[in-house]
Structures are given as C-alpha cells and as structure tokens.
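1. Using only what follows, build the 3D model:
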Amino acid sequence: MIYDATYTDAEYYDPNNSKVGWGHSTWQEAVKAAKAAEVKTLVIFHHDPSHDDGFMDQVAADTKAAFANSLVAREGLTLDLTKTPHAALISTP
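-> Okay, the predicted model is just below:
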C-alpha cells in the first residue's frame, strides 16, 4: 500500500495550526489502514518539505516500529511490483 503521509498526528491535529481538511494524512493513519487491510508492505510518501532528513529518519523509525514491513519513500526509490511480495521491493540509487 502506498499512502500519502505528509504529516504526523501531532502536526495534523495541532490546535494552533491544524492540517485537517488540507487533503493529506499522517503516518499513524497509514499504519491503521495498512493493519486493517492486512497489507504486506506499507510505503509512505508525499512528505512536508519543511521536514528535514533527521525528521524523516524518525518518521521512518516510528512507522517501522508500528508496522514492521514499512518504508519511507525517498527520491530515486524504485518499487518493482512485478516480483513476488517481499522479494521485490526496494531499489535506491
């Protein structure tokens, strides 16, 4: 499953700067949907440009802790969907 996870729940529901209704979601919602759908692999993408590499590394770690077979999309990532599940996935430059 490839999922738009632009924000964290904290950013999305921030009472001073809510992102609700902006047309994007959170990595936490991605994990909930992936678990409910029993997907094999979760890929989150469409990251907020204000998030630096350190922030995204933490998002990747948090997402992986919540859903083991997950990854954060990065520039240059290639997903080979013609291979069998889990054998396929990731190629980065």
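2. May I have the secondary structure class of residue 71?
-> Counting by DSSP: H, G, I helix; E, B strand; the rest coil, the backbone at residue 71 sits in strand.
3. didn't it look like it was pressed against residue 57?
-> No: using CB atoms under 8 Å, residue 71 is not in contact with residue 57; the gap is 11.9 Å. Glycine gets a C-beta too; all of them are placed from N, C-alpha and C.
4. Name the residue in the two with the higher neighbour count.
-> residue 71 (19 against 12; other CB atoms under 10 Å).
5. Distance check, the more buried one against residue 1.
-> Residue 71 sits 11 Å away from residue 1, going by CB to CB, to the nearest Å.
6. Over to residue 78?
-> In terms of CB to CB, residue 78 sits 17 Å off from residue 1.
7. who's more crowded, those two?
-> Neighbours were counted for residue 78 and for residue 1 using other CB under 10 Å; residue 1 has more, 14 against 9.
8. who are the neighbours in contact with that one?
-> 30, 33, 34, 37, 39, 41, 42, 43 (CB atoms under 8 Å, 6 or more residues apart in numbering).
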